[in-house]
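# return a 3D structure for these sequence lines:
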Amino acid sequence: MRNYIIKRVLLSILILFCVTFIIYVLMRSLPASYVETMAMQLSQLQGAKPYEELLAQLNAQYGLDQSIPVGYVTWLGDALTGNFGDSWKWNVPVITEFKNSIGLSIVMGGISFILELVIAIPLGIVAATRQNSRVDYTITAAALVGISLPTFFFATLLKLLFSVKLGWFDLYGLVGRNYAQLDSMGKFLDMANHLVLPIATLVIVSVGSLVRYTRTNMLEVLNADYIRTARAKGLSEHVVIYKHAFRNTLIPLVTIVGGSLPGLFTGALITETLFSLPGIGYNSYQSMIAGDIPFTMFYLAFLAIMTLASNLLSDILYAVVDPRVRIS
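Purely as a prediction, here's the structure:
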């Protein structure tokens, strides 16, 4: 098992270097010179340096006055020490802005992820064990509706119904207009109230695919020979399903669950933007459209790290639940 993990970690590190190099090349190949735009904006401020000096300073700071391989090595050396430069959009160090916005995305992603598992896996098991029944058809139809709904469309429907028509929730934002006058519990409840619709959006548009995936794999396991043998031995249906069948259903589920973990840390860009929530997804989108190269470079590299980490975790969990992977 240790050799298996070491092999996967070394492979992930190699892939990370390749991915960050590609990201750096793409940033260097952008048709518009955001560095020139940034230098022009800074030069117009009171007491600022001349445009040419600021342009040279920015190019030197981000290695843009060097060749792509040398510039990448420069950027990588700074990145390994935690120095990603200052954000042009937010006027603070990139790491500082990241710390200010990542917490909200983790809370939203974590709650929605737990709710997806709690809802989807039991529904998938029920649909599989009652195949071709009304319950199965109802769960399958609801799952297909969730899969088919685009995030922006469903979020708009929720806002129209619960914010505009019923007035239960605010249309956007993380806090209400009276937030400053509330006590600690009131502030907590106010923020929780603003997160209900975004979390509902994330859960409903994502839970359908996990329901279908669980149902499909459960049906495949229930038709296996060892399940028929377990039933022939006189074991109760509860033991057959939840001790033998579900345990083997977990093997493919590990892959899809592990692959969804980056969403806990990388933010839900569309949902956060629609509800104007200052999470990492929303802030990264604002940085991208503003031409904030330092923050964009960091965010894309962070996405790559989270994706590789989730794949590594999936591989390890896959080996844990299926010993044949370690042996091979």
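
# could you check the distance from residue 289 over to residue 88?
Distance, residue 289 to residue 88, by Cβ to Cβ, to the nearest Å: 12 Å. Using the backbone N, CA and C atoms, a C-beta is placed for each residue, glycine as well.

# quick one: which of these two has more around it?
For residue 289 and residue 88, the more surrounded residue by other Cβ atoms under 10 Å is residue 88, and the numbers stand at 22 against 9.

# would you confirm that that one contacts residue 294?
Yes - in terms of Cβ atoms under 8 Å, residue 88 counts as a neighbour of residue 294; the distance is 6.6 Å.

# residue 274 against residue 155, yeah?
Yes - taking contact to mean Cβ under 8 Å, the distance of 4.7 Å between residue 274 and residue 155 places them in contact.

# what sits closest to residue 287 if chain neighbours are left out?
residue 295 (4.1 Å; Cβ to Cβ, 6 or more residues apart in numbering).

# how many residues are close by that neighbour?
With other Cβ under 10 Å as criterion, residue 295 counts 27.

# find the helix or strand that it is a member of.
Taking DSSP states H and E as the definition, one finds residue 295 inside helix 293-321.

# in that helix, what's buried?
By neighbour count, with 16 or more other Cβ atoms under 10 Å as the criterion, the buried positions of helix 293-321 are 293-319.

# repeat for stretch 126-141
Within stretch 126-141, the residues that count as buried by 16+ other Cβ under 10 Å are 126, 127, 128, 129, 136, 139, 140.

# for the helix or strand encompassing the second one, buried residues please.
Residue 127 is located in helix 94-129, with elements delineated by DSSP H and E. Across helix 94-129, burial judged by 16+ other Cβ under 10 Å covers 94-95, 97-98, 101-102, 104-105, 107-109, 111-113, 115-117, 119-121, 123-129.

# where does the prediction get shaky in this structure?
Counting by pLDDT under 70, the ranges of the chain that qualify are 1, 31-33, 62, 263, 266-267, 319, 321-328.

# just the buried positions in the lengthiest helix in it, please.
When every helix of the chain is counted residue by residue (DSSP state H), the longest turns out to be helix 184-222. For helix 184-222, the buried set under the neighbour-count rule, 16+ other Cβ under 10 Å, comprises 190-191, 194-195, 197-215, 217-219, 221-222.

# ditto for stretch 251-260
Result for stretch 251-260 [16+ other Cβ under 10 Å]: buried residues 251, 252, 253, 254, 255, 257, 258, 260.

# you'd agree the second one is up against residue 215?
No - with contacts defined as Cβ under 8 Å, residue 252 does not count as touching residue 215, sitting 12.0 Å away.

# CA atoms only: put the helix or strand where residue 230 lies into CSV for me.
Here residue 230, judged by DSSP H and E, is contained in helix 225-232. Backbone C-alpha positions of helix 225-232 (Å, rounded to 0.1, in the frame of the first residue of the first chain) are rendered in CSV as follows:
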residue,chain,number,x,y,z
ASP,A,225,-23.8,-14.5,-8.6
TYR,A,226,-22.6,-14.0,-5.0
ILE,A,227,-25.8,-12.1,-4.2
ARG,A,228,-27.9,-15.0,-5.4
THR,A,229,-25.8,-17.3,-3.3
ALA,A,230,-26.3,-15.1,-0.3
ARG,A,231,-30.0,-15.2,-0.8
ALA,A,232,-30.0,-19.0,-1.4
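
# which residues does that helix contact?
For helix 225-232, contacts defined as Cβ atoms under 8 Å, 6 or more residues apart in numbering pick out 221, 237, 239, 240, 244, 245.

# repeat that for stretch 50-58.
Residues from elsewhere that reach stretch 50-58 (Cβ under 8 Å, 6+ apart): 35, 36, 38, 39, 40, 42, 43, 48, 49, 64, 65.

# among those, who's most crowded?
Using other Cβ under 10 Å as the neighbour definition, the contacts of stretch 50-58 reach their maximum at residue 39, which records 23 neighbours.

# where's that residue, which helix or strand?
For residue 39, the host element (DSSP H and E) is helix 34-43.

# packing partners of the helix holding residue 295?
With contacts defined as 3 or more Cβ pairs under 8 Å, 6 or more residues apart in numbering; DSSP states H and E, helix 293-321 has these neighbours: helix 2-28, helix 68-80, helix 94-129, helix 246-259, helix 263-266, helix 280-289, helix 323-327.

# JSON lines for the ones you listed, including distance to residue 166?
Supplementary listing: the helices and strands packed on helix 293-321 in JSON lines, determined by distance: least, Cβ to Cβ, whole Å:
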{"stretch": "helix 2-28", "distance to residue 166": "44"}
{"stretch": "helix 68-80", "distance to residue 166": "48"}
{"stretch": "helix 94-129", "distance to residue 166": "22"}
{"stretch": "helix 246-259", "distance to residue 166": "34"}
{"stretch": "helix 263-266", "distance to residue 166": "29"}
{"stretch": "helix 280-289", "distance to residue 166": "25"}
{"stretch": "helix 323-327", "distance to residue 166": "50"}
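
# who's in contact with residue 207?
115, 116, 119, 120, 143, 146.

# swap that for residue 248, sorry
By Cβ under 8 Å, 6+ apart, the contact list for residue 248 reads 221, 224.
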